[in-house]
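Colleague: Build me a model:
(chains A, B and C)
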Amino acid sequence: MSEISQGLAQAFGLVAAADPQLLSIIWLSLAVSGTAVMVAALFALPFGAWLALARFPGRQSLIALLNGMMGLPPVVIGLLIYLLLSRAGPLGPLGILFTPAAMMLAQALLTFPIIAALARQVIEDAWVEYREQLISLNASQWQSAKALLWDMRFTLLTAVLAGFGRAIAEVGAVMIVGGNIDGVTRVMTTAIALETSKGDLALALALGMVLIALVMIINGVAQLIKARAMKQYG
Amino acid sequence: MAKAILPLHVEGLAYRAGEATVLRDVSFRVEAGTRNIVLGPNGAGKSVLLRLLHGLLTPSGGSFLWSDSNVRRVQAMVFQRPVMLRRSARANIEFALQVSGQFAAGEIRQIRRKAGDALQRVGLAALAERPARLCSGGEQQRIALARAWALQPELLFLDEPSASLDPAATRAIEEIIRAMHAAGTTIVMTTHDLGQAKRLAERVLFLHQGRLVEDAAAADFFRQPQSPEAAAFMKGELLW
Amino acid sequence: MVKHFANLTRRFIIGGIATSVLAATPGLPVFAQEKFIVVASTTSTEDSGLFKYLLPIFKAKTGIDVRVVAQGTGQALATARKGDADVVFVHDRVAEQKFVDEGFGIDRREVMYNDFVIVGPQADPAKIAGGKDVLEALKKIAAGAAPFTSRGDKSGTHAAELRYWKQAEIDPQTGRSSWYRETGSGMGPTLNTASAMDAYAFTDRGTWLSFKNRGDLVIVVEGDTRLFNQYGVMLVNPAKHPHVKKELGMQFIEWLTSPAGQAAIAGYKIEGQQLFFPNYKKTG
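Modeller: Have a look, this model is predicted:
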């Protein structure tokens, strides 16, 4: 239990000293997960909106599948991407295994179902309110989807943040496809895993606390922006 | 140039929802340039009738025939609760114009101008940049009317447009409806408010429990309703 | 419509910033401007801190960035076999030789050795403390059914441990559900488990010296020459994997086995103790 107080003290020490190695690990975590989520959202938001509005046989099964994929084990995704990106695999010539690009790819795949499934739910709920008016105005399915995506932007931001939370917190995928290479693919979660395996529990805890604080700050700021914007736009 | 869609012939229209029959055997004609009020107590089927004619619901039986098949683009509908997008009042109208297909992609300036004119006509030019959802109920309904007006519809459906509004806002709405009619739009409007019907109707379609019980000119109807249900309604005795 | 374009523009700007930020981040090979090689090595080597000490020296000399992917020996060789690394640097002579014989590795050189030790609780239930004979110690542990944690992960360390059991003519699997515990993980987690369980464990000295969660454990057996652990380095065969960075990889191998590199290896110390003993001998 003393590790916790040790860890806390070390956490403050690390942040106060602005340890350059820690800063670059934090920066990499934010860059990898941030980019992954932005790329995932670029595809997941329109996909979720389309799924919310389209009607076709098998739609309910697709929705159930998408919802189920929210629980995909990161380590399994990591393994699959690894097999794809390995030189022995189909995408080997890309040469991105053991680089941040591979980590972004894995995390983008991980967060796509979350953002898409939540977007689908949000847009489908909104459709109940907007449906008659949009049909009356002759809006096509795609025009309606775009209008709803923009109208529900604040709620969708929450979905994107949920995806970001999942990405920055996972270790299984980035460990396998990134290789936890010092200075290149070491992010907060893999650093924590490494320090734990070396028995340096206090440092691992310290890093963990920094990660938690980071995630809380990001969510807090997003919440503030959302509240301010909702007041402004209704 | 598309032909006019009116007159509209409605023949034996019926609508069933599950076990319940909501509308049955409804037949009438709508002529161009008229102000038609669909009157009746709650649950009479007024809203359903409008939605069937506008294409939001599919009839279970009967038919209706427009004089031109290109119907969708020249109708508009205003609902009891205005549905505003989370954007400015002007942007809401611009959106409607964009998706209407009346304008090519590059004609942004024309769209902006039309939207501004529409807001002007309903007296809301000052609120053009205001987020629509932050406006009052009455203002939002006027924006909805401006949105419909900007589309220059041949036929405007209104489903209890002032049911949620106070008297001052109601008056403003009725003025706009009259103005649109004067500019050439045919009006088909539901209400359960007798006073409003008297103020606005040229012709009354009286519905009761899914049936078209009476179809008469407004002057005749209000002076002497022919059917017992309508008479009871006028006396305030027919609540549903 | 204007709003729509404003939206798109905003997104592109954010995307552009993100990309430039990533490109500017040191070490991020977004546009792959640096010279680098991927070396598949083991977790025990990484955990010992050797690479953190050695690689900056090499980079300063040659400008080559060495990216170490640290896994168990079995996984490291598998990674190299698939062509996902340029150089292999592990410590399992038998497995390395097989790798070369199968044609996946060339120019194997012996670089250095460190040694294994047996650690255990100070209470020493098997009574082996101070011993200098690893086989005797293992026999006593089995006889007394004293708790023992093994890596069980096909690593070089695990392979060595199994060889000693075999030489002592004991099958540790007989104690599988009682005193012999396989963690299936790296050296650090295995030591964590041993520390928590007050069990014996077989570890390399390097990991032990940097291990901070010792609990009640101390070194009980060391110094047996049979406990020396030989490291070998080799280039992944470009004939099998044409994309392997042959020149850069060979620069690394040459440096490791050069007088300068060997001296650097000897210079790495923890708590004043040298961990790795360079022993490259030019053959033929």
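
Colleague: pLDDT averaged over stretch B:150-160 - what is it?
Modeller: This predicted structure assigns stretch B:150-160 an average pLDDT of 94.

Colleague: now the residue nearest the centre of chain C, which residues is it bridged with?
Modeller: Centroid-nearest residue in chain C, with CA atoms, centre = their mean: residue C:42, separated by 2.1 Å. When bridges are called by DSSP bridges, residue C:42 pairs up with residue C:71.

Colleague: who are the neighbours in contact with whichever residue of chain A sits closest to chain B?
Modeller: Closest approach between chain A and chain B, counting by CB to the nearest CB: residue A:234, at 2.9 Å. For every residue, glycine as well, the C-beta is placed using N, CA and C. For residue A:234, the contacting residues are B:86, B:131, B:132, B:133, B:134, taking CB atoms under 8 Å, 6 or more residues apart in numbering or on different chains as the criterion.

Colleague: Could you work out the most separated pair of those residues?
Modeller: When the contacts of residue A:234 are compared pair by pair using CB to CB, the farthest-apart members prove to be B:86 and B:134, with a separation of 9.8 Å.

Colleague: Alongside chain A, which residues does the stretch 101-250 of chain C contribute?
Modeller: Contact residues, the stretch 101-250 of chain C versus chain A (CB under 8 Å from any CB of the partner chain): C:185-189, C:191-192, C:195, C:207, C:210-214, C:241, C:243.

Colleague: Quick check: helices, which of these are part of them?
Modeller: The helices in this structure, assigned by DSSP state H, contain C:187, C:188, C:189, C:191, C:192, C:195, C:207, C:210 from those.

Colleague: Isn't the third one up against residue C:182?
Modeller: No - taking contacts as CB atoms under 8 Å, residue C:189 lies outside contact range of residue C:182: 11.7 Å.

Colleague: between those two, which one's more packed in?
Modeller: Shown here are residue C:189 and residue C:182; by other CB atoms under 10 Å in any protein chain shown, residue C:189 has more neighbours (20 against 17).

Colleague: Give me the distance between the more buried one and residue B:64.
Modeller: Taking CB to CB, to the nearest Å as the measure, residue C:189 and residue B:64 are separated by 75 Å.

Colleague: Verify the assumption that residue C:88 is located in a strand.
Modeller: Yes - if the criterion is DSSP: H, G, I helix; E, B strand; the rest coil, then residue C:88 is within a strand.

Colleague: For stretch B:25-34, the averaged confidence score.
Modeller: 93.

Colleague: Poorly predicted segments of chain B, please.
Modeller: Flagging of chain B using pLDDT under 70 yields the residue ranges B:1-3, B:70-73, B:239-240.

Colleague: Go again with 80.
Modeller: Along chain B, the parts satisfying pLDDT under 80 run over B:1-4, B:68-73, B:105, B:238-240.

Colleague: Strands of that one, start to end?
Modeller: Ranges of strands in chain B, per DSSP state E, are B:8-17, B:20-30, B:35-39, B:61-65, B:75-78, B:155-159, B:186-191, B:203-208, B:211-217.

Colleague: List the pairing partners of the longest one within its sheet, with orientation.
Modeller: Strand pairing for strand B:20-30, using DSSP bridges, gives strand B:8-17 (antiparallel).

Colleague: and the partner strand, how far from the chain's centre?
Modeller: Offset of strand B:8-17 from its chain centre (CA atoms, centre = their mean, to the nearest Å): 18 Å.

Colleague: can you redo the strands of chain B as TSV with distance to residue C:120 and mean neighbour count?
Modeller: Putting the strands of chain B into TSV (distance: least, CB to CB, whole Å; neighbours: other CB atoms under 10 Å in any protein chain shown) gives the following:
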stretch	distance to residue C:120	mean neighbour count
strand B:8-17	80	17
strand B:20-30	82	18
strand B:35-39	93	25
strand B:61-65	89	14
strand B:75-78	84	24
strand B:155-159	84	24
strand B:186-191	89	24
strand B:203-208	93	24
strand B:211-217	95	19
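
Colleague: Sweet, I'm off.
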